[in-house]
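Peer 1: Build me a model:
(4 chains)
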There are 4 protein chains.
Amino acid sequence: MQHALPTTFGLKCAVWLSMIERHRVRLSEITPRVLVVQFAGAAGTLASLGSQGLAVQDALAQRLKLGSAPVPWHVARDTLSEAVSLLALITGSLAKIGNDIVLMMQTELGEVFEPFVPGRGASSTMPQKRNPVVSEQMAQAASSVRGDLALILESLARSDHERASGPWTLEWMAIPRAFVATGGALERAIFLLDGLVVDSARMAGNLDLTGGLIVAEAVMMALAPKMGRGPAHDLVYGACRTCLETGARLVDVLKRSPDIRQHVTDSEIEALANPKNYLGSTDAMIDRMIKARRV
Amino acid sequence: MQHALPTTFGLKCAVWLSMIERHRVRLSEITPRVLVVQFAGAAGTLASLGSQGLAVQDALAQRLKLGSAPVPWHVARDTLSEAVSLLALITGSLAKIGNDIVLMMQTELGEVFEPFVPGRGASSTMPQKRNPVVSEQMAQAASSVRGDLALILESLARSDHERASGPWTLEWMAIPRAFVATGGALERAIFLLDGLVVDSARMAGNLDLTGGLIVAEAVMMALAPKMGRGPAHDLVYGACRTCLETGARLVDVLKRSPDIRQHVTDSEIEALANPKNYLGSTDAMIDRMIKARRV
Amino acid sequence: MQHALPTTFGLKCAVWLSMIERHRVRLSEITPRVLVVQFAGAAGTLASLGSQGLAVQDALAQRLKLGSAPVPWHVARDTLSEAVSLLALITGSLAKIGNDIVLMMQTELGEVFEPFVPGRGASSTMPQKRNPVVSEQMAQAASSVRGDLALILESLARSDHERASGPWTLEWMAIPRAFVATGGALERAIFLLDGLVVDSARMAGNLDLTGGLIVAEAVMMALAPKMGRGPAHDLVYGACRTCLETGARLVDVLKRSPDIRQHVTDSEIEALANPKNYLGSTDAMIDRMIKARRV
Amino acid sequence: MQHALPTTFGLKCAVWLSMIERHRVRLSEITPRVLVVQFAGAAGTLASLGSQGLAVQDALAQRLKLGSAPVPWHVARDTLSEAVSLLALITGSLAKIGNDIVLMMQTELGEVFEPFVPGRGASSTMPQKRNPVVSEQMAQAASSVRGDLALILESLARSDHERASGPWTLEWMAIPRAFVATGGALERAIFLLDGLVVDSARMAGNLDLTGGLIVAEAVMMALAPKMGRGPAHDLVYGACRTCLETGARLVDVLKRSPDIRQHVTDSEIEALANPKNYLGSTDAMIDRMIKARRV
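Peer 2: So this is what the prediction gives:
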C-alpha cells in the first residue's frame, strides 16, 4: 500500500483474470473425480447384491451420468475435500479482487467504485459515503469457505473404518454452505465487475501524489547507460532526498542539477518523469493473458 | 466403530490405495501450474528491462526449467494455495490410515500392529503396551497441514494490489512447514505399511464377538427368496432379539427355529453364518483397484 | 488406547467434571465484560447527542441491565471473541467426553452405552449395532465452533478504523451458529450423562484382557522394598516376557518363580494382581473434585 | 474506509487501549487455572506412590509455586486451550492496531508512520516508500496464533481416555509457537507505539477531502431545533447533492442558501462546518478510559 512503481489498472485486471482462468482448468480436471457414484451398502462390500454388486453399481452410475470408481469412496473423502478446496481457491481469488476494490474505493483514493444502486451503501446524513458492500461480501465469502474446508479436511482425516463415527456429519453443514457462499460470491463478482466505475483521472492524480518520486527508478535507469550505474544512482538518490526534505517536485530538482543536465535535456526529463513512459511489458502481458484465455 | 457387516482387510487397504492413486493424478495435474517462474520487478511490470522484459522472463524460465505465465503471479497466489491444498489432501488420507490403525491396535482389538522397533512405543513397567507412535504422527501431520493451508488461503485472499502488505510472510512459515510435515508423514506411512503386522486370527475372532449377529443380514437375504422378504425379516429379527436377550449364538437360535428349518438345513445355516460367505464384491473391487493403478 | 495401568470410571468422570466446573468459573468472569452496551453513533463519538452522549449511553445501559464501557467496543471485538472462545472450550470438553464414549461403546469394548431410545442408532438388519449418535453430535459441535471462533478472531484482527469494512459480517453467521451448536451439545450431554448405561462387569472383564500384565507395575512396586528396585524390575520384566511369549497369565508365572515366592505368598500375589488394589489416590481425587464443586 | 463523521486519533488510541486493559484482567483471571502442577503417573491415579500420592503432588506444587488441582489435567486440556485463547485475543488486538496503521500509512493517507529505522522498509530506487513492516508483523502474528489455537482446541477435543493417542503432540508445536509469536508481536507493538510518528496536519487535511460533507450531520443537527428535523434534513441533503454534483464546498453552498441563512449566520455556518466542533463525547471517553486503567 505504498507507491512503488507505476502500473496500469488493466494489468491488475489481467492478474485477476489469470486466477479465474486457472480455476476453469481446475474445475474441468476435478469433475471426473468428484462426480462418481457411491453405492456399496453398509460396509462397502455390496454383499446384499450377491455376485451382481458391481454390475448394478455400474448401471446405476450410467443411469445417473456419474463415474464409477473401483472401490467405494464412502470413507475416502479426498474427492469431497478436493471439491471444497477448489471453492476455497475461487472465493480466495474473489476476495483478493474485493479487497483491492475496497482499498481503491477509500475516500482518500477514490479510483474505482462499485456500480451505483440507489439506497445501497449510502447514508442520508453521511452523503459522501460509498460503502463497498459488494466487495466486502466477496471478501467475507472466502473466510467462510476457508472454515468449511477445514471441517471437510477434518472429516477426511477422521473417517474411520468403513463408515465413519460422525465426522462426515460436518459435511452436511459445510458442503452446502461452501457452495452457496461460492455461488453468491461469483454472482456478486459478475455484478461488480460488469458495472465497475473507474475514475482514470483520479488514478492519474494519485500517481502524482509523491511529487514524481514514483519515477525515480525510471530516471535512474535512463541515466545509467549515460553516466554509469553508480553515479546515476547517487545523483537520483540525492535528488529524491531533496524532494523529501523540501517538498519540491522531482522533475524540478532534476532540471536544476547541472550533473543531470549534462546528459539529458529538459524535455527528456519531462518524458522520463511521466509515469506513462515507464510501464515496461504491461501491455504485452495483458495481450498474452487475453490470448491465453480459454473461450 | 460398531460391527455392521463383514468386510476384509484387503478391501480396507484398497480404499486407502484409491486415495493415493488419486493424489498421484492430482500431482501431475497441478505441477505445470505451480512450477512457474515469478520475475516481474517491484510492481510486476518488468519496466526496468525496457522492451526486453518478457523475453528475459521467458529465457529465465527456460534456464530454470519452469513454466512462464502470461502475467505475474506475485499477488495471484492461487497456485501456491493449490499446492498446499494437495498436501492437505495427502496428509488427510494418511491420517485416515493412521487413525484406522490406532483403532485396530487398541488392546481390545489387537488386529494390526506397527512394525516392531526395539524400545519404541514400549514401557518396561507396562510391558503390554504397543503405542501406535507412527500412526499418531501421520494423524497429527494432517492437522498441522490443515492449519498451514488456512494461512496460505488467507494470504491468497489478502494479497492486496501488486505487492501485498504482509500476508505473504505467513507463507514463509506455512509452506516449508507443510512440505516437511507431508514429507515426514509419507516417509512414516511407507515405514508403517511396509512392515505392518496383521493378526488375521484375531480379526476372525473379533468378527465372532457378537455371537454371529454380524451375519444377520446374510441369513435374511438367503431366506427372503424362499419365504418372502417380510417373513424372513421378522424371523431373523426375532432370532436376533433372542440372542441379545439370552446371549445365545445366532446359529444355535436359527437351528432351533422350526420355521427356518423348513427352508434350510443345518449345514446351510452354518454356511450362511460364516462371515467369509458374505463378502459380496470385495475381491472384485480389490482386483479393479489394482488394475486401475498407474505404474 | 493401550492398556496402561488400572483406573476407575469414576475418576474419568471426575476429570470430565473438572472441566465443566472451570467453565462455570469462566462464564462468571467474562459475563461483565461481554454484557456491555454498544451505543456510540456512526463513528463512535456520540456527536449527535451533543454534550449528553455519555449520560444517554449510561442510562440506556442501565435500562437494558448491561454494563457501560469507557469507550465504544464497536471495533474492539475482543469481548465477542472471548465469548466464542468460551463456547469453543465448552464444546471442546464435551467433545472429549463424546469421543471417550464413542470409544467405550465400540463392539470390542462395550463398557458404556448411550441411553436407549427405540429406533435411534439401530438397524433391523444389523441388530448388534448401538451407534453412538449423541456422542458423535457432541464431538462434531466442537469442530463447528472451532471454525466459528476462527471467523470471530479474524473479525477482531481486521476490524479496521472506527467501523470495519466487512469482517464483522462474519459474526452474523458465526456467533448465532456457535451458540446454537453449544446449546445443542450441552443439551445432548445432559441427556447422555443422565442416562448413561455403564457395564461394570464388562469393564472388569476388559481389564483382564492382557492376562494380568496391566498390574506388572503394581507387583514391581510391592517387591521393590523387599528385594531392591533393580532385581524387582528384572524379575517382573522377565515374568512379563514369559506371559507375552507363552500366553500364560502373569499371576501363574509369578507363582511359579522361586525368586518371587521367597518374598511373597500365593495369596499376596493374588492380591497384588488384583487391579482393584492398585488404584492409588483415585478415590481421594474424586472426593476432592466433588468438594471443589461450586453449587 | 469511507469518511463518515469526524473523530480523533486520541479516541482511536483509547479504543486500542481498552482491549489491552481487558487483556490484563484476563491474564490475572486465568493464571491460577493455568499454573497448576500435573503429576499423576501413567494413568492419572498416582498409584505408584501408594497412599502418599496427593501429599507428594501437593508438596511438589508448593515447591514449584504452582497450584494443585483436585484431579489431573493430563486429558482435561481446557486450561491450555484457555491460555492460547488469550494469546489469540492479544495478537488479534495487536493485529487490529497494526492493520489500522498499515492503512493510515498508505501513500494516499500519510497520517501516521512507524518509527524511522535507517534502512528498514525503504528502497533506494523507490525512495518514497515507507513500508509498514512492523505493523505487518503484528497483523500476521494474529493469523499464526489463530492457527495454533485451532490445533490446541483439537487436542482438547481429542484427548481420549487417560492419555491421549497423539493429539497432544500438536501442542508441542503450537504452544511454543503461539507464545513466541505473541511475545514478538507485543515487543513490536511497544516499539511501534512508543515511536509512532503522527502527522496531525495531514489528518486535518484529509478530513477536508470531501469538501466538508463529513460535517453534513453536524449541520443538520444544529438546524433541526431551529427549523424542524424534516426540513433541516431536506435542506442539508439538497446542499450535499449540489456539492457532489458541482464539486463545491458544503460551507459555500450553505452560505448561498436563503433558507439556511434565515436561521444561522455566516460565522455560525463556519463553526458548524469545522469538524473540531462535532466531536461529541470524544474527550470525555478518553478521560474515562484513562481513569479506568489499572496501574
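Peer 1: tell me the pLDDT at residue A:119?
Peer 2: Per-residue confidence (pLDDT) for residue A:119: 67.
Peer 1: Pull the contacting residues for residue A:39.
Peer 2: Listed by Cβ atoms under 8 Å, 6 or more residues apart in numbering or on different chains, the contact set of residue A:39 reads A:46, A:56-57, A:60-61, A:72. Yep, even glycine has a C-beta here, placed from its N, CA and C like the rest.
Peer 1: What about these, which one has the most neighbours?
Peer 2: Using other Cβ atoms under 10 Å in any protein chain shown as the neighbour criterion, residue A:72 leads these with 26 neighbours.
Peer 1: With residue C:92 as the reference, measure out to it.
Peer 2: 32 Å (Cβ to Cβ, to the nearest Å).
Peer 1: what does the model give residue A:122 for pLDDT?
Peer 2: For residue A:122, pLDDT reads 62.
Peer 1: next one: residue A:259
Peer 2: The predicted structure scores residue A:259 at 89 on the pLDDT scale.
Peer 1: That one: which element?
Peer 2: helix A:258-261 (DSSP states H and E).
Peer 1: And for stretch A:229-241, what's in contact with it?
Peer 2: A:213, A:216, A:219-220, A:223-224, A:226-227, A:250, A:253-254, A:257, A:259-260, D:124-125, D:127-128.
Peer 1: now with 10 Å?
Peer 2: Stretch A:229-241 has contacts (Cβ atoms under 10 Å, 6 or more residues apart in numbering or on different chains) with A:210-213, A:215-228, A:248, A:250-254, A:256-257, A:259-260, A:263, D:124-128.
Peer 1: now those: which count as buried?
Peer 2: Buried subset of the contacts of stretch A:229-241 (neighbour count, 16 or more other Cβ atoms under 10 Å in any protein chain shown): A:210-213, A:215-224, A:227, A:248, A:250-254, A:260, D:125-128.
Peer 1: quick one: contacts for residue A:36?
Peer 2: Per Cβ under 10 Å, 6+ apart, neighbours of residue A:36: A:61, A:66-69, A:72-73, A:79.
Peer 1: In strands, which of the contacts of stretch A:229-241 fall?
Peer 2: In strands, defined here by DSSP state E, there are no members of the contacts of stretch A:229-241.
Peer 1: Now narrow these to whatever sits close to chain C.
Peer 2: Contacts with chain C within the contacts of stretch A:229-241, counted by Cβ under 10 Å from any Cβ of the partner chain: none were found.
Peer 1: Among these, name the ones in helices.
Peer 2: Using DSSP state H, the subset of those located in helices is A:216-227, A:250-254, A:256, A:259-260.
Peer 1: Now do the helices in chain A.
Peer 2: Remark: helices assigned in chain A by DSSP H are A:9-34, A:53-64, A:78-104, A:133-157, A:168-194, A:200-207, A:216-227, A:229-246, A:250-256, A:258-261, A:266-272, A:282-292.
Peer 1: Tell me which other helices or strands the third one touches.
Peer 2: I take that to be helix A:78-104. Packing partners of helix A:78-104 (3 or more Cβ pairs under 10 Å, 6 or more residues apart in numbering or on different chains; DSSP states H and E): helix A:9-34, strand A:112-113, helix A:133-157, helix A:168-194, helix A:200-207, helix B:9-34, helix B:78-104, helix B:133-157.
Peer 1: Mean confidence (pLDDT) on the first one, please.
Peer 2: Averaged across helix A:9-34, pLDDT comes to 98.
Peer 1: and it with chain D, contact?
Peer 2: No: applying Cβ under 10 Å from any Cβ, one finds helix A:9-34 separated from chain D by no less than 15.4 Å.
Peer 1: Please see if that helix touches chain B.
Peer 2: Yes: Helix A:9-34 lies within reach of chain B by Cβ under 10 Å from any Cβ, at A:11-23, A:25-26, A:29-30, A:32-33.
Peer 1: Now which of those residues would you call buried?
Peer 2: Buried by 16+ other Cβ under 10 Å: A:11-20, A:22-23, A:26, A:29-30, A:33, out of the residues of helix A:9-34 next to chain B.
Peer 1: OK, contacts around the nearest residue in space to residue A:184 that is not next to it in sequence?
Peer 2: In space, and not counting its chain neighbours, residue A:184 is closest to residue A:141: 6.4 Å by Cβ to Cβ, 6 or more residues apart in numbering or on different chains. Applying Cβ under 10 Å, 6+ apart to residue A:141 gives the contacts A:87-88, A:90-92, A:94-95, A:98, A:178, A:180-186, A:188-189, B:157, C:170.
Peer 1: Tell me the backbone dihedrals of the closest residue to residue A:50 other than its chain neighbours, please.
Peer 2: Closest residue to residue A:50 apart from its sequence neighbours, by Cβ to Cβ, 6+ apart: residue B:280 at 7.3 Å. Residue B:280 has phi and psi values of phi 50, psi -130 when expressed as degrees, to the nearest 10.
Peer 1: Residue B:280 and residue B:286 touch, don't they?
Peer 2: No: look at residue B:280 against residue B:286 with Cβ atoms under 10 Å: they stay out of range, at 11.8 Å.
Peer 1: out of those two, which sits in the busier spot?
Peer 2: For residue B:280 versus residue B:286, neighbours defined as other Cβ under 10 Å are more numerous around residue B:280 (26 against 19).
Peer 1: farthest-separated two in the buried ones among the residues of helix A:9-34 next to chain B?
Peer 2: A:11 and A:33 (34.4 Å; Cβ to Cβ).
Peer 1: sorry, back to before: quick one: buried ones out of the contacts of residue A:141?
Peer 2: By 16+ other Cβ under 10 Å, the contacts of residue A:141 give A:87-88, A:90-92, A:94-95, A:98, A:178, A:181-182, A:184-186, A:188-189, B:157, C:170 as buried.
Peer 1: residue ranges with poor pLDDT in chain A?
Peer 2: A:119-122 (pLDDT under 70).
Peer 1: ok, which of the buried ones among the contacts of stretch A:229-241 also contact chain B?
Peer 2: A:215, A:217-218, A:220-222, A:224, D:125-126.
Peer 1: would a markdown table of the residues you listed with distance to residue A:103 be doable?
Peer 2: Formatted as a markdown table, these follow (distance: Cβ to Cβ, whole Å):
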| residue | distance to residue A:103 |
| --- | --- |
| A:215 | 22 |
| A:217 | 23 |
| A:218 | 25 |
| A:220 | 28 |
| A:221 | 28 |
| A:222 | 31 |
| A:224 | 33 |
| D:125 | 24 |
| D:126 | 19 |
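Peer 1: Pick the one among those residues closest to chain B.
Peer 2: For these, the residue nearest chain B by Cβ to the nearest Cβ is residue A:221; the value is 5.5 Å.
Peer 1: For residue A:32, give me its contacts.
Peer 2: Applying Cβ under 10 Å, 6+ apart, the residues contacting residue A:32 are A:66-67, A:79, B:25.
Peer 1: who wins for neighbours among these?
Peer 2: residue A:79 (21 neighbours).
Peer 1: hang on, it packs against residue A:171?
Peer 2: No: judged on Cβ under 10 Å, residue A:79 makes no contact with residue A:171 at a distance of 11.8 Å.
Peer 1: how far away is residue A:56 from chain C?
Peer 2: Note on residue A:56: its distance to chain C, by Cβ to the nearest Cβ, to the nearest Å, is 18 Å.
Peer 1: got the CA coordinates for stretch A:14-22 in CSV?
Peer 2: C-alpha atoms of stretch A:14-22 as CSV (Å, rounded to 0.1, in the frame of the first residue of the first chain):
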residue,chain,number,x,y,z
ALA,A,14,-5.3,-9.2,-16.1
VAL,A,15,-3.8,-10.7,-12.9
TRP,A,16,-7.3,-11.1,-11.5
LEU,A,17,-8.3,-12.8,-14.8
SER,A,18,-5.3,-15.2,-14.6
MET,A,19,-6.7,-16.7,-11.4
ILE,A,20,-10.2,-17.2,-12.9
GLU,A,21,-8.8,-18.9,-16.0
ARG,A,22,-6.8,-21.3,-13.8
